[in-house]
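Engineer: whatever this is, show me its structure:
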Amino acid sequence: MLEEIKAFVGPSFSQFTGQWNVVDSTDDVAACLHERFGAYVVSLVPCTAEDRHDLERSIASYYRILVRRPAVVDRTVRPFSQIRADFDRALLAGNQTRSQQLLDELSATGRVNAEQRKCLEIRLLAGLGRHSELAGNRPLLESVMHLGLPPQTIVDLVEALYAIHVAPIENDPDVAMVLEQFNRNVARPFAPLFHERKGIRRPRVLRSFFLYEATQADPNEARCDAILAAYGDEDEGRELIVRWRRSLKPKASANSLELVRQAILDEDYEMAANVCLAELPQPWAYKALLRAAAEIPSQELLRRVRQAFDDAEQKILDALTEKDRSRLSRIADIHTGADPAEKFDADWLSWARWVASGMRGAAPMPVLEAAAINWSPDEFARHGAKCAELAQLIGNASGEAEQVFREAFPALVEFFVDRPARTYRTFAPVHSVLITAIAMSGSASNDELEIATSVTRALFEVGPSEQMYVDCLTDLGEILAANSAPVHLDWALGVAELLSLYPCPHIELRMRTFVAVVELCRSNRHRLTGAQGKVLETLAADYGCPELIAGIAQTQTAGTALAEAAYPGLIGIYTLNQSAAERAKRTLESLLPKATVEINADLVATDRLRNLARSADLFAFAWKSSKHQAYYCAKDARKDRELLMPTGAGTASLVRVVLEAVKSQLN
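Structural biologist: You can find the predicted model right below:
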């Protein structure tokens, strides 16, 4: 406003210099204006009496323009990267409603076109474990499979197809039957998805690409071997792909040069490089090897390529063209460390080192998004020192590097917690620093709290050291203190339950955490539901201190005598958390005495699980702790009836989702 008034009035007609008026207690008008508008008052004094008319005319002109000025619409939106990070967190937490809201918010930014919207919809379905719905959406798959899809979308689609059409039969000793099923249900209808692997190393994607090649009329054995070579020793399902490879009928060697040419045309540079290395010292193999290696930023591959040229005869080097020499020079620079471009996308550790060193040459998050899809947990599963160094880099980061690691939080959780088929003790340092990251963020969202529970469970499953256990419970205490709101009661009870289930190297600290949960319930006892009161009673018994909750849970007894107590239906519960299932069963039986509650924890599709899902009036499926085979079995058995999906895997979440469904049915 000061600048605009100065532009209209300026020094021509007044003594105004662009400053706010200073309060003058002797000027009643100025004092009145300051009382009304605070410091935002200006004083306009004409230079001469003759200038008064021009001054008033200028102010009137300014007023007319203000009246005509269009209203400024607040178009403030959150940064796209922040919305996308929240979207990824919601998927990790299994929050379907929030995920859909964030997907709509991403679209509303105007930065998502129709094709990208479809990729995000695919990410949502895959991230929530809805593989059956994704694989069965033929129009969606056909609308995108001919596009140049990003690696994450290829992963989501291929893994969904594998989960539905191959996973139920993958262990069948009849390999021919597995190939026939894959060919009929996946390879023929969705062949364009398998034109490029783009370096993806997810186990199910590798197995799918292997099966696709094996179902061709003339299988490319070199490509099959390249896929097998990309498989990590610790990755799940390795024995399957090895058995499938042995089942392929041996044949006469194909023309390797033609194979390499076709691989380069298909942009399958990894396969091309492996064939070239196998064909050395053929002269053509050196040239083709340089062409392929220039497209694959892999330390191991570049080391092998450089070694091959170090061992090559002089006549081979003399025959290289200028372009070949340029490629060889670049490979030599990268191998010796002269070029930093390769160092930050080889794996998590190289990327973290680069971030900690200042991130020269590129933006960190785009680099991570493009490269992480090709990284395998296998390297970290076998090298605990890598995990320890990565955790140290993240934990000691400050300034811009710390902010980057915060943005990378969903990707870290997905890689070290969600993606591995089983937990590894070597991952414990990373799990520990992820929990610390949530504690340091202060107030957390519901999704972040659920993620904290998942990471804590992963840490406890590998048996942390006493110091890690102490650090974890200290962090959980800080998270509880920063998020002590009624809306987080279920989560707090879930944390206390989780601590009670695993070995405890520090009993006093565990009890201190439970006391913090009790105090949260006590301060919100007027909001505590009957189900939460029952869970608290059970936990107090587990911790051996029922007297600690005196006057809390008992106040909820009246709340259990509701219409829901007369519900006579059959309630089914599926979860691999057996302790939580038993607690939920006892709690529901006490709150719904006329209902029948049955639980199931079968790892695969069984008649028992199928019958329970089919006959249950309500069926709660704790999908975050489930096996996919069981999910599809239950989903198919339920047909069009709802499958209750609690966000958490604890007793409080299971009981709450069931009681809400009971109330909905009765209403």
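Engineer: list the residues that contact L393.
Structural biologist: Residues in contact with L393 (CB atoms under 8 Å, 6 or more residues apart in numbering) are L349, A352, R353, V355, A356. Where C-beta positions appear, they are placed from N, C-alpha and C, glycine not excepted.
Engineer: unless I'm mixing things up, the second one is touching A391, no?
Structural biologist: Spelled out, it's A352. No - between A352 and A391 there is no contact under CB atoms under 8 Å: 9.4 Å.
Engineer: the more surrounded of those two?
Structural biologist: More crowded of A352 and A391, by other CB atoms under 10 Å: A352, with 25 against 21.
Engineer: gap between the more buried one and S398?
Structural biologist: For A352, the distance to S398 equals 14 Å [CB to CB, to the nearest Å].
Engineer: what residues are shared contacts of the two?
Structural biologist: Common contact partners of A352 and S398 (CB under 8 Å, 6+ apart): none.
Engineer: now, which of the contacts of L393 lie within helices?
Structural biologist: L349, A352, R353, V355, A356 (DSSP state H).
Engineer: tell me the pLDDT at the first one?
Structural biologist: Spelled out, it's L349. For L349, the model assigns a pLDDT of 90.
Engineer: please name the residues that touch it.
Structural biologist: With contact taken as CB under 8 Å, 6+ apart, L349 is in contact with K386, E389, L390, L393.
Engineer: drop anything exposed from these.
Structural biologist: Buried members of the contacts of L349, scored by 16 or more other CB atoms under 10 Å, are K386, E389, L390, L393.
Engineer: quick one: name whatever helix or strand follows the one helix or strand the second one maps to.
Structural biologist: Looking back up the chat, that one is E389. Secondary structure from DSSP states H and E places E389 in helix 384-395. The helix or strand immediately downstream of helix 384-395 is helix 399-407, counting by DSSP H and E.
Engineer: show me what counts as buried in that following helix.
Structural biologist: Going by 16+ other CB under 10 Å, helix 399-407 has these buried residues: A401, E402, V404, F405.
Engineer: hang on, the first one packs against W351?
Structural biologist: If I follow you right, that is A401. No - in this structure, A401 is not within contact of W351 by CB under 8 Å, at 11.4 Å.
Engineer: got any ranges where the stretch 251-400 of the chain has weak pLDDT?
Structural biologist: In the predicted model of the stretch 251-400 of the chain, residues 251-255, 262, 265-268, 296-300, 332-343, 361 satisfy pLDDT under 70.
Engineer: tell me which element the nearest residue to N274 once chain neighbours are set aside falls in.
Structural biologist: In space, N274 comes closest to A226 once its chain neighbours are excluded; the distance is 4.7 Å by CB to CB, 6 or more residues apart in numbering. Per DSSP H and E: A226 is located in helix 221-229.
Engineer: which helices and strands sit right next to the next helix or strand after that helix?
Structural biologist: Note on helix 221-229: by DSSP H and E, the next helix or strand toward the C-terminus is helix 238-247. When contacts are defined as 3 or more CB pairs under 8 Å, 6 or more residues apart in numbering; DSSP states H and E, helix 238-247 packs onto helix 175-182, helix 203-214, helix 221-229.
Engineer: buried residues of helix 238-247, list them for me.
Structural biologist: Buried residues in helix 238-247 (16+ other CB under 10 Å): R238, L240, I241, W244.
Engineer: likewise stretch 179-191?
Structural biologist: Those would be L179, Q181, F182, N183, V186, A187, F190, for stretch 179-191 by 16+ other CB under 10 Å.
Engineer: how far away is G395 from L434?
Structural biologist: For G395, the distance to L434 - CB to CB - is 10 Å.
Engineer: between those two, which one's more packed in?
Structural biologist: More crowded of G395 and L434, by other CB under 10 Å: L434, with 27 against 17.
Engineer: just to check, the more buried one is in contact with E414?
Structural biologist: No - the criterion here is CB under 8 Å, and L434 misses it with E414 at 11.1 Å.
Engineer: thinking again about what came up before, tell me what angle the helix holding A226 forms with helix 203-214.
Structural biologist: Interaxial angle of helix 221-229 relative to helix 203-214 (axes from the mean of the first three to the mean of the last three CA atoms, to 10 degrees): 170 degrees.
Engineer: can you pull out the strands in the protein?
Structural biologist: Ranges of strands in the chain, per DSSP state E, are 570-574, 596-600, 618-621.
Engineer: for K323, find the nearest of those strands.
Structural biologist: strand 618-621 (57.4 Å; CB to CB).
Engineer: contacts for the closest one?
Structural biologist: 569-575, 612-613, 631, 634, 638, 641, 643-646, 654, 657-658, 661-662, 665.
Engineer: can we see that at 7 Å?
Structural biologist: Contacts to strand 618-621, defined as CB atoms under 7 Å, 6 or more residues apart in numbering, come from residues 569, 571-574, 613, 631, 634, 638, 643-646, 654, 657-658, 661-662.
Engineer: filter those residues down to the buried ones.
Structural biologist: Buried among these (16+ other CB under 10 Å): 569, 571-574, 613, 631, 634, 638, 643-646, 654, 657-658, 661-662.
Engineer: give me the neighbour count for V45.
Structural biologist: Other residues lying near V45 total 11 when counted by other CB under 10 Å.
Engineer: and the residue nearest to it when sequence neighbours are not counted, how close does it get to N611?
Structural biologist: In space, and not counting its chain neighbours, V45 is closest to Q15: 4.8 Å by CB to CB, 6+ apart. Taking CB to CB as the measure, Q15 falls 92 Å from N611.
Engineer: check C387 too.
Structural biologist: Per CB to CB, C387 is found 43 Å from N611.
Engineer: looking at those two, which one has more neighbours?
Structural biologist: C387 (24 against 14).
Engineer: thought that one was touching E379?
Structural biologist: No - using CB atoms under 7 Å, C387 makes no contact with E379, being 9.9 Å away.
Engineer: ok, so of the contacts of L393, who is nearest D27?
Structural biologist: V355 (59.0 Å).
Engineer: which residues sit in contact with A93?
Structural biologist: Counting by CB under 7 Å, 6+ apart, A93 makes contact with D447, E450, I451, T647.
Engineer: and the pLDDT for the residue nearest to the second one when sequence neighbours are not counted?
Structural biologist: What sits nearest to E450 in space, not counting adjacent residues and going by CB to CB, 6+ apart, is A93, at 3.9 Å. With respect to pLDDT, A93 scores 86.
Engineer: burial of F37, as a residue count?
Structural biologist: F37, neighbours per other CB under 10 Å, totals 11.
Engineer: distance of the residue nearest to A388 when sequence neighbours are not counted relative to L609?
Structural biologist: Leaving aside its sequence neighbours, A388 sits nearest to P429 (CB to CB, 6+ apart; 4.9 Å). Noted for P429: a distance of 37 Å to L609, by CB to CB.
Engineer: quick one: which of these two has more around it?
Structural biologist: Just comparing P429 and L609: by other CB under 10 Å the higher neighbour count belongs to P429, 24 against 21.
Engineer: where does pLDDT dip in the stretch 101-250 of the chain?
Structural biologist: For the stretch 101-250 of the chain, the ranges with pLDDT under 70 are 250.
Engineer: ok, back up a step: among the contacts of L349, which one lies nearest to L498?
Structural biologist: After measuring the contacts of L349 against L498 - CB to CB - the closest member comes out as L390, at 24.8 Å.
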